[in-house]
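Novice: pasting the structure only:
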């Protein structure tokens, strides 16, 4: 059975892609595993609206009843939000199992990229990518997101990588695998909650049109893999560096003490950091996702060669 036979797409999105209109893929892990209900559903709807206001159409991706879903209805977003961690967190390796069991899955960066590529969507907005975890020299804990960036031709807009990671090794891995990392209006790699991780970037672009041209040229050169567009969190929304560092260090120490690893690690750390910062990290998380969605929408419009402007904000039923 071809992958397309397992894929359901909202008619609005199928028509848009057929006619060359701009579409932005969005992940669903942030809904099921990234935030508590109802903030997760409220954020998902706000992110979709941010894409629409930029002139593109949002395509939130998930697995429901064993079907690869490209574009979710309001009821489907609500289902994911309410079930939360009971929904399987799906990376590339998990997809066949969830599909075979006709289950529900919330897609990570890696799985969202894969399904977006199946659907013909070249651009994806997320919060922060996964990467090389601290201590990976002994644990070998490296996110599948990096491997997917090296193999799947989808451009990803993010606020860099999650600050809980070893960002230096994450950048080294991306360089080794030939993944371009572009700073949007910055020469420094952002670290999710903060604008500057302390790591310099080799390449910078300052407009959505320049990013769109890079995506086009990479496609013309027939180069494998995607590219990472590092979009720093707005200055007014970033966490204080010291507070962020102390919360991250404490959360990591607690995870190590409790033996939390693998899929459970990132959701645990994000939840603990939110509690340790009095909810400030969650507020920052929401703002950076919205910021990335707006930029991705603008790039999608430029990539499609269209003039920007809001699209209809109705939801498919």
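Specialist: The structure has been received and is ready for your questions. For clarity, every value in this text was computed on a predicted model and none was experimentally measured. Numbers count the residues shown, from 1 in each chain.
Novice: residue 268: neighbouring residues, count only.
Specialist: If you count neighbours by other C-beta atoms under 10 Å, residue 268 ends up with 18. Glycine gets a C-beta too; all of them are placed from N, C-alpha and C.
Novice: that one against residue 260, yeah?
Specialist: Yes. In this structure residue 268 lies within contact range of residue 260 using C-beta atoms under 8 Å: 5.1 Å.
Novice: just want the most central residue of this protein.
Specialist: Centroid-nearest residue in the chain, with C-alpha atoms, centre = their mean: residue 126, separated by 2.3 Å.
Novice: how far away is residue 297 from residue 50?
Specialist: For residue 297, the distance to residue 50 (C-beta to C-beta, to the nearest Å) stands at 7 Å.
Novice: who has more neighbours, these two?
Specialist: Using other C-beta under 10 Å as the criterion, residue 297 and residue 50 rank with residue 297 on top: 29 against 23.
Novice: test my guess that that one contacts residue 55.
Specialist: Yes. With contacts counted by C-beta under 8 Å, residue 297 reaches residue 55, the gap being 6.2 Å.
Novice: spit out the residues that contact the two alike.
Specialist: residue 22 (C-beta atoms under 8 Å, 6 or more residues apart in numbering).
Novice: and residue 61, that one's in a strand?
Specialist: Yes. Assigned with DSSP: H, G, I helix; E, B strand; the rest coil, residue 61 falls within a strand.
Novice: look up how far residue 169 lies from it.
Specialist: The gap separating residue 61 from residue 169 is 28 Å, by C-beta to C-beta.
Novice: quick one, which of these two is more surrounded?
Specialist: Neighbours around residue 61 and residue 169, counted as other C-beta under 10 Å, are more numerous at residue 61. The numbers are 30 against 16.
Novice: which residues does that one contact?
Specialist: Contacts for residue 61 (C-beta under 8 Å, 6+ apart) come out as 25-28, 68-72, 107, 111-112, 115-116.
Novice: partner residues bridging it?
Specialist: When assigned by DSSP bridges, residue 61 has beta-bridge partners residue 70.
Novice: next one, pLDDT for it please.
Specialist: Looking at residue 61, its pLDDT reads 98.
Novice: please apply the same query to the one 4 residues further on.
Specialist: If you check residue 65, the pLDDT there is 97.
Novice: correct me, but it touches residue 101?
Specialist: No. Residue 65 lies out of contact with residue 101 (C-beta under 8 Å); the separation is 10.0 Å.
Novice: what's near enough to touch the residue lying closest to residue 92 once chain neighbours are set aside?
Specialist: Nearest in space to residue 92, with sequence neighbours left out and distances taken as C-beta to C-beta, 6 or more residues apart in numbering, is residue 110 at 5.0 Å. Taking C-beta under 8 Å, 6+ apart as the criterion, residue 110 is in contact with 91-92, 130, 143-145, 147-148.
Novice: repeat that for 7 Å
Specialist: Counting by C-beta atoms under 7 Å, 6 or more residues apart in numbering, residue 110 touches 91-92, 144-145, 148.
Novice: do residue 134 as well
Specialist: Applying C-beta under 7 Å, 6+ apart to residue 134 gives the contacts 165-166, 252.
Novice: next helix or strand past the helix or strand harbouring residue 149?
Specialist: Secondary structure from DSSP states H and E places residue 149 in helix 144-151. Later in the chain than helix 144-151, the nearest helix or strand by DSSP H and E is strand 155-158.
Novice: helices or strands up against that following strand?
Specialist: Using 3 or more C-beta pairs under 7 Å, 6 or more residues apart in numbering; DSSP states H and E, the elements in contact with strand 155-158 are strand 123-125, strand 227-230, helix 280-304.
Novice: mind checking how far the shortest one is from the chain centre?
Specialist: Just to be clear, that refers to strand 123-125. 7 Å (C-alpha atoms, centre = their mean, to the nearest Å).
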